[in-house]
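1. Any chance you could fold what I've pasted below:
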Amino acid sequence: MPQLDFTQPPFDVLSLTERQSLKKHTQVRYLAAGESLPTDDLSYFFVVLKGQIEQRLGDEFIASYVGSSYSDQLNSNDWFDSRRTPDDRELPSAKLPRADIKNTSAYQYRAIEDTLLLQVEGSAIDRMSAQNHLIRQLLSNELPERLKALQQRRGAQNQALGANATSYNAQQEVQQIMLQPVVAVTLLPVHIIDADSSLYQAARTMTAAGLKHVLLRQSADQTQGSHSTSDPIAGLAPELGILTDADLCRAVSEQSDPATTPCRQFANFNLRTIGADDEIGDALLTMTRYRIHRLPVIDDKGAVIGILGQSDVLAHLSHHSQLISVQIEQAKDMASLDTAVELIGRYIRAQHQNGVKIGIVSRMVQTLNAQVFTKLWELIVPKEVIDNTCVIVMGSEGRGEQIMRTDQDNALIIRDGYSHPDLAKFADTFNQQLAALGYPLCDGNIMMTNPLWRQPLSDFKKQISLWFKNTDPMHSIWISSILDGAYVCGDESLLTQIREHLKVAHRQSDPMFVRQFARAALQFGEVNQWWQKFIPLLGKPSVQDIDLKKAGIFPLVHGIRTLTLEHDILYVPSSKGRLKALVEVGMLTQVRADTLNEALEFFMAQRLTVALSTDDKHARQVDPTTLSALERDVLKECLAVVKSFKAQLRQHYQLEIG
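-> Take a look at the predicted model:
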């Protein structure tokens, strides 16, 4: 007799006692093809063992649930809670009315073919949820909770299934960091006072510098008899001592007079030091071997140039982005910049494998990419060009929602009255060098090599005004690009003036412009079309992949962009920032904004998973048969959020269904 598979979600998080208890409330249920679950039976939790169940709301298709035996490609069985009602789904804000659906109090579930189900009493599920927070998360009606559960499971799976590969990559990164010179770590500033200074003077120096230590220097007579070291790793500085806050506490506890007691009485001398060119690994070894927390860093002339703190070394090792940032800043040519760019890719993979939220990763990558673009521009152009221009990025890069190296979308705003005979050459070199670093050229030619995206400020403003007045579809694409513009380097005030002009140009445009602008969010198929196409193809050689960008990302991004344009919210290009601003003006509730952001980040995370596991750098298509039941469940819910958002946009802007 079939039983619950406790190796599959959501029941793989149950304890042995919980599993035994749940078995007592489970039975097999058979539905013949075409048969529906009676209304009286909508009080159970179901797991589909074989066949498929279609969920509908009146005449509207909602989703399909299939058993793993339906296709050898599926990872696990789908499940559904028949007690869920349409009211449990994510509700829109009061400003954006709910989608027009039939007034039905419950979903209907019908077997598309002979289907075998495991039927679990709803009360038993509720008891388990009350006792087990993991079950509660997995089966929550709140999308953010289910996404949190999915994220936690991904992190655990990466540790369990990919431990060797992850460990190997992590070891490689750590090894590279350990071989860096100690000056790659941010050093603490140097403050040196005489060893005979009072404890009071030392305390004042430490307080003013915001440090927990101060260095002391002895005279030549005081250092007589000190010995140099033959230690190959660390040197000794007989003339140097250190007084820490712990030493001051010891002095106070001994009731020493801080005004008259010399620092040497409580300080440590004969300090271990490290050379500026020595490796981080050597510094960490010295700290560990001699149980010390601070190392003075000595240059080739014997001068102390900084203090290496143990906490700073450990922070450097744990936050690889710091190392990448340092490498970018220190890059002197394309070869060294290319090395830093490769580390960004490794950083993305490591953060994703460690379960870090995609929004955090993408925003950090945006920061690192901006540093790459800035450094490249500085390597190409003279300073006067930097001072009189502004480099911006657009699209997903501008919004901070890129994953891997996306197509270039950039522009150059030139100060009015400034010219340089080589600007076109500089722009071409910039785009070509970025391509050589792995950032593909833009198919739509939205790059500074295109004169349209390399103009003086006044010409840019005229162009933008024209875009708002014309009905050419390309103009909406270009407006979308400039709305997503984010500062990279140069004179940021030039971008600020562009944003101010966007507001003016929009207000001077046809009042119906934003309504037409919103149509783009509705141009791709509805969510039910994806799942209705997916189900019949299961088990066949060719599977209808789901286009994550068309089905999920673009409708959300452009819909949010449209709402912010309507409200003249033009100072923030990221979708998350735009959602926050829409809440502030009362356009969306906080719950609605959070749900839209969570759905967007889920689609982004799925794209990253595809990119890291395949050679598809665009990473737009996902094969549903490769997803777990939990991932399919969340994907369905996120697509449902997109569908409701599109319906809200359609009603808000009074757009016909198309």
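
2. how far out from the middle of the chain is stretch 423-436?
-> 28 Å (C-alpha atoms, centre = their mean, to the nearest Å).

3. Return the set of buried residues in that stretch.
-> 423, 426-431, 433-435 (16 or more other C-beta atoms under 10 Å). Heads up, the C-betas are built off the backbone N, CA and C, glycines and all.

4. can you redo those residues as JSON lines with secondary structure?
-> JSON lines is the format used below for the buried residues of stretch 423-436 (DSSP: H, G, I helix; E, B strand; the rest coil):
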{"residue": "Leu423", "secondary structure": "helix"}
{"residue": "Phe426", "secondary structure": "helix"}
{"residue": "Ala427", "secondary structure": "helix"}
{"residue": "Asp428", "secondary structure": "helix"}
{"residue": "Thr429", "secondary structure": "helix"}
{"residue": "Phe430", "secondary structure": "helix"}
{"residue": "Asn431", "secondary structure": "helix"}
{"residue": "Gln433", "secondary structure": "helix"}
{"residue": "Leu434", "secondary structure": "helix"}
{"residue": "Ala435", "secondary structure": "helix"}
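
5. Any chance of TSV for those residues, columns pLDDT?
-> Converted to TSV, the buried residues of stretch 423-436 look like this (pLDDT from 0 to 100):
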residue	pLDDT
Leu423	96
Phe426	97
Ala427	96
Asp428	96
Thr429	96
Phe430	96
Asn431	96
Gln433	95
Leu434	94
Ala435	94
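
6. Pick the one among the residues you listed closest to Val393.
-> Leu434 (10.3 Å; C-beta to C-beta).

7. In contact with the closest one, which residues?
-> 373, 376, 408 (C-beta atoms under 8 Å, 6 or more residues apart in numbering).

8. just to revisit the earlier point, could you dump the buried residues of stretch 423-436 to a markdown table with distance to Gln152?
-> Below are the buried residues of stretch 423-436 laid out as a markdown table (distance: C-beta to C-beta, whole Å):
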| residue | distance to Gln152 |
| --- | --- |
| Leu423 | 50 |
| Phe426 | 47 |
| Ala427 | 46 |
| Asp428 | 47 |
| Thr429 | 46 |
| Phe430 | 42 |
| Asn431 | 41 |
| Gln433 | 41 |
| Leu434 | 36 |
| Ala435 | 38 |
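
9. Give me the buried entries from the contacts of Leu434.
-> Buried among those by 16+ other C-beta under 10 Å: 373, 376, 408.

10. where exactly do the strands run in the stretch 451-600 of the chain?
-> 454-456, 486-490, 546-547 (DSSP state E, counting those that start in this stretch).

11. weakest of these by average pLDDT?
-> Within those, confidence is poorest for strand 546-547, with a mean of 84 (mean pLDDT).

12. which other helices and strands contact that strand?
-> strand 621-622 (3 or more C-beta pairs under 8 Å, 6 or more residues apart in numbering; DSSP states H and E).

13. Which SSE is immediately downstream of the strand it packs on?
-> Going down the chain from strand 621-622, the next helix or strand is helix 629-652, by DSSP states H and E.

14. Please state the mean pLDDT value computed over that following helix.
-> 89.

15. Only the buried residues of that helix, if you could.
-> Per 16+ other C-beta under 10 Å, helix 629-652 contains these buried residues: 629-650, 652.

16. Give me the packing partners of that helix, helices and strands only.
-> By 3+ C-beta pairs under 8 Å, 6+ apart, helix 629-652 packs against strand 60-66, helix 143-161, helix 527-534, helix 554-566, helix 590-613.

17. will you turn these into TSV that also has mean neighbour count, mean pLDDT and distance to Glu18?
-> Converted to TSV, the helices and strands packed on helix 629-652 look like this (neighbours: other C-beta atoms under 10 Å; pLDDT from 0 to 100; distance: least, C-beta to C-beta, whole Å):
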stretch	mean neighbour count	mean pLDDT	distance to Glu18
strand 60-66	21	85	24
helix 143-161	17	67	16
helix 527-534	18	44	32
helix 554-566	23	95	37
helix 590-613	21	89	28
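
18. got those as CSV, with distance to Gln8 columns?
-> As requested, the helices and strands packed on helix 629-652 are arranged in CSV below (distance: least, C-beta to C-beta, whole Å):
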stretch, distance to Gln8
strand 60-66, 14
helix 143-161, 11
helix 527-534, 20
helix 554-566, 30
helix 590-613, 19
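
19. quick one, which of the ones you listed is nearest to Asp484?
-> Nearest to Asp484, of those and by C-beta to C-beta, is helix 554-566 at 7.4 Å.

20. will you turn the strands of the stretch 451-600 of the chain into TSV that also has distance to Leu588 and mean neighbour count?
-> Output for the strands of the stretch 451-600 of the chain, formatted as TSV (distance: least, C-beta to C-beta, whole Å; neighbours: other C-beta atoms under 10 Å):
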stretch	distance to Leu588	mean neighbour count
strand 454-456	35	19
strand 486-490	22	20
strand 546-547	26	20
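
21. nearest to Thr17, of these?
-> strand 546-547 (39.2 Å).

22. Return the distance of that closest one from the chain's centre.
-> 21 Å.

23. do stretch 349-361 as well
-> Distance, centroid of stretch 349-361 to centroid of chain: 6 Å (C-alpha atoms, centre = their mean).

24. Now that stretch: buried residues?
-> 349-353, 355, 357-359, 361.

25. CA-only coordinates of it in CSV, if you can.
-> What follows is stretch 349-361, C-alpha atoms only, in CSV (Å, rounded to 0.1, in the frame of the first residue of the first chain):
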residue,chain,number,x,y,z
ARG,A,349,28.4,31.3,-7.1
ALA,A,350,29.7,31.0,-3.5
GLN,A,351,27.0,33.4,-2.1
HIS,A,352,24.3,31.5,-4.0
GLN,A,353,25.5,28.2,-2.7
ASN,A,354,25.6,29.5,0.8
GLY,A,355,21.9,30.5,0.6
VAL,A,356,22.4,34.3,0.6
LYS,A,357,19.3,36.1,-0.7
ILE,A,358,19.5,36.9,-4.4
GLY,A,359,18.7,40.6,-3.7
ILE,A,360,21.7,41.0,-1.4
VAL,A,361,24.0,39.2,-3.9
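
26. related to what we said a few turns ago, pick the one among the contacts of Leu434 closest to Thr273.
-> Leu376 (37.0 Å).

27. Can you tell me, leaving aside adjacent residues, what's nearest to that closest one?
-> Gln433 (5.9 Å; C-beta to C-beta, 6 or more residues apart in numbering).

28. And Arg507, by the same measure?
-> For Arg507, the closest residue by C-beta to C-beta, 6+ apart turns out to be Asp568, at 7.7 Å.

29. contacting residues for the one you found?
-> Residues near Asp568 by C-beta under 8 Å, 6+ apart: 503, 506-507.

30. same deal with Ala106?
-> Neighbours of Ala106 in contact, by C-beta under 8 Å, 6+ apart: 39, 42, 85-86.

31. Am I right that it sits in a helix?
-> No - Ala106 sits outside any helix when classified using three-state DSSP, being coil.
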